[in-house]
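*Asks:* Here is a sequence with its predicted model. Questions after.
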Amino acid sequence: MSPVERVTPGTVSRLDHRRKDRMMDLKLEVLTLPVSDVDRAKAFYEGLDFRLDADFVVSDDYRVVQLTPPGSEASIIIGSGVTTAQPGSAQGLHLVVTDIVAARAELAARGIAISEVFHDEEGVFHHGGTAGRVAGPDPDRNSYGSFASFEDPDGNGWVLQEVVTRAPGR
């Protein structure tokens, strides 16, 4: 079997990614987000109940702020001097929730400008931007199939994705 297996909607890959000869685990721990105003971004993420893990002001041009979403093992870092990317250029960052309708309502109640819940016309994954969006959750409420999107104050794009039952091996 080739290293990449194409699957159609509704099928599950049979590839076993747990190689016997692997040397180490690689765990995604931190994503660095480019922001223009560190304090504004920090307040925004704290308003989403992200836990403040660190705020190191090293100099006028170097500040590192680490925040962790509730229930997550991965964190984000914002700051000054931590990335050369343009503020707002991070897109497609996913936060997984078990109830997309309730999560969307909670964020909206906190004053977050968030899209309505949608699913993708192809039924596989959402397209970039707003292309292919169909209003409402996935008709069968399949895990991985319902989304809502929002942006931080700089335009970094986040997507809520509903996952109730994880795919095998996840």
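*Replies:* Perfect, thanks for sending it.

*Asks:* which residues are contacting the lengthiest strand in the chain?
*Replies:* In the chain, with assignment by DSSP state E, the single longest strand is strand 51-59. Strand 51-59 has contacts (C-beta atoms under 8 Å, 6 or more residues apart in numbering) with 42, 46, 63-68, 70, 75, 81. In short, each C-beta sits where N, CA and C put it, glycine included.

*Asks:* Domain boundaries for the chain, per the record?
*Replies:* Residue ranges for the domains of the chain, per automatic domain parsing: 26-85, 91-170.

*Asks:* okay, those in TSV with mean neighbour count and mean pLDDT next?
*Replies:* Listed next are these as TSV, based on neighbours: other C-beta atoms under 10 Å; pLDDT from 0 to 100:
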stretch	mean neighbour count	mean pLDDT
domain 26-85	15	97
domain 91-170	16	95
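
*Asks:* quick one, strands of the protein?
*Replies:* Ranges of strands within the chain are 30-32, 51-59, 62-68, 75-80, 93-97, 118-120, 133-135, 147-151, 157-162, based on DSSP E.

*Asks:* Output those strands as CSV; include the columns distance to R110.
*Replies:* Formatted as CSV, those follow (distance: least, C-beta to C-beta, whole Å):
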stretch, distance to R110
strand 30-32, 21
strand 51-59, 16
strand 62-68, 15
strand 75-80, 18
strand 93-97, 14
strand 118-120, 20
strand 133-135, 22
strand 147-151, 10
strand 157-162, 13
